[in-house]
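S.K.: I would like the atomic coordinates for the input below:
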Amino acid sequence: AYRWYKKLEYCEMLPILSFKKEVRRPEITIQYELWDNEEMVRQWESKLFNCFNRYKDFYGGFPQRHRQFWSDKFKTHYYKEFYDYSILALTDNNEILCYAFLGQTSMKDNIPRIDILEISMPEDFIIKDSLFNAIMDFAYRHGLTEVRIQLSVQDPHLKWVKKLGFINLWRTNIIGKLFNTIKYFEDIMSEKIDLMRDYQ
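M.R.: Numbering: from 1, shown residues only. The predicted structure is shown next:
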């Protein structure tokens, strides 16, 4: 499909890197919550929504969220036939500190694994490392082989993932096309002219 999109004059906009790490038993045991069905997620969806909004300014673009976003994912995700979904979270006093939306699968390459489909956490390396240890514990207890995650080259978690020893698996690209190129550049020029007038 890539060659077809290029023929339609789509352009590469942002490289996406896929990483993997072999599952090993974590040295530190972390207590965590695990919700693996819609009903359990619904009980926490307001707090998931609050957790996401607490850290969303740290990330780039993302789909619009609503309170039922995560429970809806269990039945609407485009790979729902190939994944067993769960949400793993670290909590404190009944509040969510951070969470990871996980998909257990062996899709495409028959390697039993956990794909980290979404992760939301603060820039606190103690919490981040604790969340990773919890994910690794989950994968180890389920007899899985790998943990995988995809990040853009601009993702703020990229250095953290490399520090944890994840290995680059492959690279792809987000591609896109402007529908109205002339209007786009007219808008940009108009903004620049307004800025110059304000400066003068």
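
S.K.: could you check how far the one residue sitting closest to the centre of the chain is from residue 51?
M.R.: The centroid of the chain falls nearest to residue 118 when counting by C-alpha atoms, centre = their mean (3.0 Å). Distance of residue 118 to residue 51, computed by C-beta to C-beta, to the nearest Å: 11 Å. Where you see a C-beta, it was placed from the backbone N, CA and C, and this is true even at glycine.

S.K.: what lines up beside the strand or helix carrying the residue nearest to the centre of the chain in the sheet?
M.R.: For residue 118, the element it lies in under DSSP states H and E is strand 113-120. Here strand 113-120 has these sheet partners by DSSP bridges: strand 95-105 (antiparallel), strand 146-152 (parallel).

S.K.: got the CA positions of the last one in PDB?
M.R.: If I follow you right, that is strand 146-152. Output of strand 146-152 as PDB, limited to C-alpha atoms (Å, rounded to 0.1, in the frame of the first residue of the first chain):
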ATOM      1  CA  GLU A 146       8.600 -10.200  24.300                       C
ATOM      2  CA  VAL A 147       7.300  -6.700  25.200                       C
ATOM      3  CA  ARG A 148       7.000  -4.300  22.300                       C
ATOM      4  CA  ILE A 149       6.200  -0.700  21.900                       C
ATOM      5  CA  GLN A 150       6.000   1.800  19.000                       C
ATOM      6  CA  LEU A 151       7.200   5.400  19.400                       C
ATOM      7  CA  SER A 152       7.700   8.300  17.100                       C
END
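
S.K.: same for the helix or strand that comes right after it, what does it pack against?
M.R.: On the C-terminal side of strand 146-152, the closest following helix or strand by DSSP H and E is helix 158-163. The contact analysis (3 or more C-beta pairs under 8 Å, 6 or more residues apart in numbering; DSSP states H and E) places helix 158-163 against strand 146-152.

S.K.: rerun that using 10 Å as the cut-off
M.R.: strand 11-22, helix 125-141, strand 146-152 (3 or more C-beta pairs under 10 Å, 6 or more residues apart in numbering; DSSP states H and E).
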